Each structure stands twice: as structure tokens, then as C-alpha cells.
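J.: Predicted model, plus sequence, below.
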Amino acid sequence: MSDAKDAPGGDLDLFAAALAHEIRTPLTAVAGEIEVALRRDRSAEEYREVLRRIAAPVSELVAISGDLSLLGGPGTRSPARIVAASARLDLILARVAGRYQENGAVRMDVDAAGLVRVAGDEPRLGRAITLVVDHAIRYRRGHARVSLRVVATPGEARIVIDAQPSGFWPHAWEALRRPAAGPTDPLRLRTARRILGDAGGALQLASGAGADVVHLVLPRHA
Amino acid sequence: MRLLVVEDEVATRAFLERSLREELFHVEAVADAESAESQAASGGFDAIVLDVMLPDHDGFTVCRRLRTRGIDTPILLLTGRQTVADRIRGLDVGADDYLGKPFAFEELLARLRAITRRGRSRQLGGVLSLGPIALDQRSREVIVDGTPVVLSDTEFRLLRYLLVRADKPVSRLDLAQHVWDDDDSPGSNVIDVYIGYLRKRLGAAGSLIRTVRGVGYTITAGRPVS
């Protein structure tokens, strides 16, 4: 008999359904833009504009495929590897900030990171932070501004994410209320959890002033 | 035609807005369920394109709430969830149709035509016709007595809206909202000016557009509406 996880309605089915949804979203924009562009003759500049527009959802599809490789691949939890990898948090945050430079929805307190070194490799940690911020933007209430600030102690660095003034929708971080990732969790949170977990850190939900606050916990590099 | 597009994903929302406008729809787009309910309740939409996965409440809930409030605007659910159970649930909460992502834009247009024409027997496929006038919504061609007539975008929208409501008086406010996407100026003479243009373009068939005193206009092949 096959593994229960592969049975109809099992974890694998649920994960596949959630994944299909994640892929369909950017695919809808790509397929739609192409179909509409070809419906009538357009100028070269209009075609260029279409290509510029589909670049973002195509990048998203590429990133999803990278996330899947990460989730499907072996973990890198070996303490030796974590100790070996060192990342400068200020550089990671500066790169993440670049992505949201023209997005008024995000405020980042990057300077506070200083020269903090954390365990893990920079591209992956950057991806984890981006995934959580993207999720925060999607699930902020109204026009709340998503804010990131860094709190560093000798043992760890925390990136604290909240949304002001109206916070997040109550179910936004439902997946983080469970101790372990589940098959229906949003792919972006599942991936972020995995990246942080591999680096010995965690994605945690806390409450502040009656609203949810998310902490990305990153162990300081020895 | 005025459409309310409810889609939280930025790239998809922008694509829908732009592409539907290119098809001469008036599009209002919002990103969450609360805004959708408030916009839909304000009325004036010919159809709602509603994504199921929204950040605050799901599209099924929005659909059920709108129907409970007596809002019967045709709703096309748009979703990446395509199980039979999802489709049944969507239709059971009062949606008129269900389209899975990714979709062909042409199919979206066809489904919008289908849900907006229900109960409007004058529409056949994408063609609206009345007497000698035939308006093809897909190709945007207007034929009068077998001869193509070239209309501006505004004239086309005006004729389409009148034909969709053929034989019924259409108020100036309705025209302002659905043809010009303007809630504020039903008293403006812009409507009268364009009715004049349209009558002229349609030649003898222009007489089918009649003034309904104190209300607005109608297009009818029958006796004048009093």
C-alpha cells in the first residue's frame, strides 16, 4: 500500500493543490498578457511594454521553482554547515530593501542591523525575508504600512515585522500558530520556515498591542 | 458596460483592468473582499469578476453576502481552485459562472457576455441586434442595413449600452455611469451631444434612438416609449 501521505486527500495531495494555486497566479498574468498582446497589431514599444510587464510574474515562477527545489531537497541542518556559513544581515536587508524601494507599503529600518553576522547564506536568507514581507504586504489590512526593524542580542538577531496602523487580517499568519509546517500552508511561509530552520533560526508569531507581529529569528554567527 | 474586478494579486489585477478597458469596458478594480462588498453595494455594475482567494474573506463569502443583501449583479468567480466541490460551492452561493486560472482572455470575454445577456433575448452570441442595426461585441463592428458604420469608442459604448437595454428607457444617470463612468454629471449636455453624433452615424436607423422626456433615451424598433 502506498504511503498515507500519497493517498487521495493525503498531505501530498493537499500540498500539490496548494502548489498548483501558487503557480496559477503568476501564470494567469503571463498567459493573459501574451494572449491579449497577440489579439491585435501593436507597436514595437507596446510589445516591449508587455515583455516588461510579464518579467515580474516570470521571475515569480522561477523563484517558486527554486523554492520547490529547496523544499524537495535534503536539509542543511548539520551544525557544522551552519557554523561555517556566515551572512551579514545589513547586506541582506539592503538587498531586500532594493526590491521594495518604490513600494510605499514597506518601511525598513535597515541601519539598525549594523554589522551583525548571522548563520546561513545570504541569498537564501534574503529569499526568506522577501517571502515573509510579500506575505505581510498581501495580508495587511487596508493600507497599513509593513514595517521591518532589527533587534540584535549577543545570541541572535530578530527581524520584527508588523503592520501599522491596522495590522494584518486575523488569519494571515494562521500557519505559524501550528508548531510545524502543514501541507496547506502558503508556499512562501513554508519555504521561509525551511530556510530559517536550516540556519538554526525560526519564524515566530507574537502579539503586540492586540495585533500580530512576526519575528524572523536568526542565530548570530559564532 | 461597467465591471467590478476583485483580485488581490497585483499583476493579474493590472492585466485584467488594462485588457478589459481595451475591450471598452469601464473597469473598477479592488483588492479585497471588504472593498468589493462596499463597491458592489453602491450599485451600477453590469457584472463582477471575483477572485476566490482574497486576503480578508474568500470570494464565496463575498458572493453569498451580496446575494443575501439582494444584490443580483452577475458574478463570475475566478480562481485557481478548480475541484468539482469548489465549482459547486461557487454556484451554490449564487455565482453565475466559474472560470479557473489560468484562463484564456477570450473565454473570459465570452463568459462575461453570457452572464450579462441572461434575460436579454436580443443578444445572440456576441451580436446585439435591433431592426437594421447589428453590433458585434467581439469584432466591434457595427452594421446598419448591411453597411459597416465606423463609430468612435464612446459612440460604440453608447450604442452597445442602449442595445443591451433595448425597448427600455435608459436614464441619463445610467448612461453617465455605464458609458462615461461618471456618477456626477447626468445633467451635462455631453450625453445629448453624443446621442446626436450617434443618430447621425446611424443614418435613417438613428431614428430608432428616441428621447424619453424627463428620463433619458431608449432605442426601440417599436412604438415610442412614453
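T.: All right, it came through fine.
J.: now the most far-flung residue of chain A relative to its centre, what's its secondary structure?
T.: Farthest-out residue of chain A from its mean C-alpha position, per C-alpha atoms, centre = their mean: residue A:41, at 38.4 Å. When classified by DSSP: H, G, I helix; E, B strand; the rest coil, residue A:41 comes out as coil.
J.: Look at residue A:53 and say how many residues are nearby.
T.: Neighbours of residue A:53 under the rule other C-beta atoms under 10 Å in any protein chain shown: 18. All C-beta atoms are positioned from the backbone trio N, CA, C, and that covers glycine.
J.: just residue B:163 next, same as before
T.: 22.
J.: Could you find the closest non-adjacent residue to it?
T.: In space, residue B:163 comes closest to residue B:128 once its chain neighbours are excluded; the distance is 4.0 Å by C-beta to C-beta, 6 or more residues apart in numbering or on different chains.
J.: Assign the one you found to helix, strand or coil.
T.: On the three-state scheme (three-state DSSP), residue B:128 is labelled strand.
J.: quick one: it from chain A, how far?
T.: Residue B:128 sits 21 Å away from chain A, taking C-beta to the nearest C-beta, to the nearest Å as the criterion.
J.: Quick one: neighbours of that residue, just the number.
T.: If you count neighbours by other C-beta under 10 Å, residue B:128 ends up with 25.
J.: which residues touch it?
T.: Taking C-beta atoms under 8 Å, 6 or more residues apart in numbering or on different chains, we find residue B:128 in contact with B:122, B:134, B:135, B:137, B:160, B:163, B:164, B:166.
J.: Can you give me the pLDDT of it?
T.: If you check residue B:128, the pLDDT there is 80.
J.: likewise residue A:23?
T.: So residue A:23 comes in at 90 (pLDDT).
J.: ok, now residue A:27?
T.: pLDDT, residue A:27: 93.
J.: dump the residue contacts of it.
T.: A:57, A:61, B:101, B:102.
J.: just checking, which of the residues you listed belong to helices?
T.: When DSSP state H defines the helices, the subset of the contacts of residue A:27 inside them is A:57, A:61.
J.: just the contacts of residue A:27 now: which is nearest residue B:81?
T.: Nearest to residue B:81 among the contacts of residue A:27 is residue B:101, at 9.0 Å by C-beta to C-beta.
J.: Now distance to residue A:108 too, for the contacts of residue B:128, in a markdown table please.
T.: Formatted as a markdown table, those follow (distance: C-beta to C-beta, whole Å):
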| residue | distance to residue A:108 |
| --- | --- |
| B:122 | 57 |
| B:134 | 58 |
| B:135 | 53 |
| B:137 | 48 |
| B:160 | 48 |
| B:163 | 53 |
| B:164 | 50 |
| B:166 | 57 |
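J.: Please work out how many residues are found near residue A:89.
T.: 26.
J.: What are the phi and psi values at it?
T.: Backbone torsions of residue A:89, given as degrees, to the nearest 10, read phi -60, psi -40.
J.: what's the answer for residue B:7, then?
T.: According to degrees, to the nearest 10, residue B:7 has phi -150, psi 130.
J.: now the helices for the chain?
T.: I'll assume chain A. Using DSSP H, helices in chain A cover A:11-37, A:44-72, A:79-84, A:89-99, A:122-138, A:187-198.
J.: that answer is for a different chain, and I need it for chain B
T.: Assigned by DSSP H, chain B shows helices spanning B:10-22, B:33-41, B:59-68, B:84-92, B:105-117, B:153-164, B:172-178, B:190-202.
J.: Pipe the ones you listed into TSV and attach mean pLDDT per row.
T.: Listed next are those as TSV, based on pLDDT from 0 to 100:
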stretch	mean pLDDT
helix B:10-22	93
helix B:33-41	92
helix B:59-68	88
helix B:84-92	82
helix B:105-117	91
helix B:153-164	89
helix B:172-178	84
helix B:190-202	92
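J.: could I get those as JSON lines with distance to residue A:186?
T.: Below are those laid out as JSON lines (distance: least, C-beta to C-beta, whole Å):
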{"stretch": "helix B:10-22", "distance to residue A:186": "16"}
{"stretch": "helix B:33-41", "distance to residue A:186": "18"}
{"stretch": "helix B:59-68", "distance to residue A:186": "17"}
{"stretch": "helix B:84-92", "distance to residue A:186": "18"}
{"stretch": "helix B:105-117", "distance to residue A:186": "26"}
{"stretch": "helix B:153-164", "distance to residue A:186": "40"}
{"stretch": "helix B:172-178", "distance to residue A:186": "38"}
{"stretch": "helix B:190-202", "distance to residue A:186": "48"}
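J.: Nearest to residue A:172, out of the ones you listed?
T.: helix B:33-41 (13.7 Å).
J.: that older thread, looking at the contacts of residue A:27, spot the one nearest residue A:67.
T.: Residue A:67 lies nearest to residue A:61 out of the contacts of residue A:27, by C-beta to C-beta, at 10.6 Å.
J.: how far away is the closest residue in space to that closest one that isn't next to it in sequence from residue A:109?
T.: Leaving aside its sequence neighbours, residue A:61 sits nearest to residue A:26 (C-beta to C-beta, 6+ apart; 5.1 Å). Distance from residue A:26 to residue A:109, counting by C-beta to C-beta, to the nearest Å: 30 Å.
J.: do the same with residue A:211
T.: 18 Å.
J.: Over to residue A:38?
T.: From residue A:38 to residue A:109 the distance is 45 Å (C-beta to C-beta).
J.: out of residue A:26 and residue A:109, which sits in the more crowded spot?
T.: residue A:26 (23 against 15).
J.: was I right about that one contacting residue B:10?
T.: No - in this structure, residue A:26 is not within contact of residue B:10 by C-beta atoms under 8 Å, at 10.6 Å.
J.: who's in contact with residue B:188?
T.: By C-beta under 8 Å, 6+ apart, the contact set of residue B:188 is residue B:176.
J.: Chain A contacts on chain B?
T.: When proximity is defined as C-beta under 8 Å from any C-beta of the partner chain, chain B approaches chain A at B:8-9, B:11-12, B:14-16, B:18-19, B:22, B:53, B:55-56, B:80-81, B:83, B:100-106.
J.: that older thread, now render the contacts of residue A:27 as a markdown table, adding pLDDT.
T.: What follows is the contacts of residue A:27, written out as a markdown table (pLDDT from 0 to 100):
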| residue | pLDDT |
| --- | --- |
| A:57 | 92 |
| A:61 | 93 |
| B:101 | 90 |
| B:102 | 91 |
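J.: What's the separation between the closest residue to residue B:198 other than its chain neighbours and residue A:109?
T.: For residue B:198, ignoring the flanking residues on the chain, the nearest one in space by C-beta to C-beta, 6+ apart is residue B:155 at 5.1 Å. Note on residue B:155: its distance to residue A:109, by C-beta to C-beta, is 55 Å.
J.: again, but for residue B:75
T.: 43 Å.
J.: Straight-line length of stretch B:55-62, end to end?
T.: The first residue of stretch B:55-62 is 12 Å away from its last residue (C-alpha to C-alpha, to the nearest Å).
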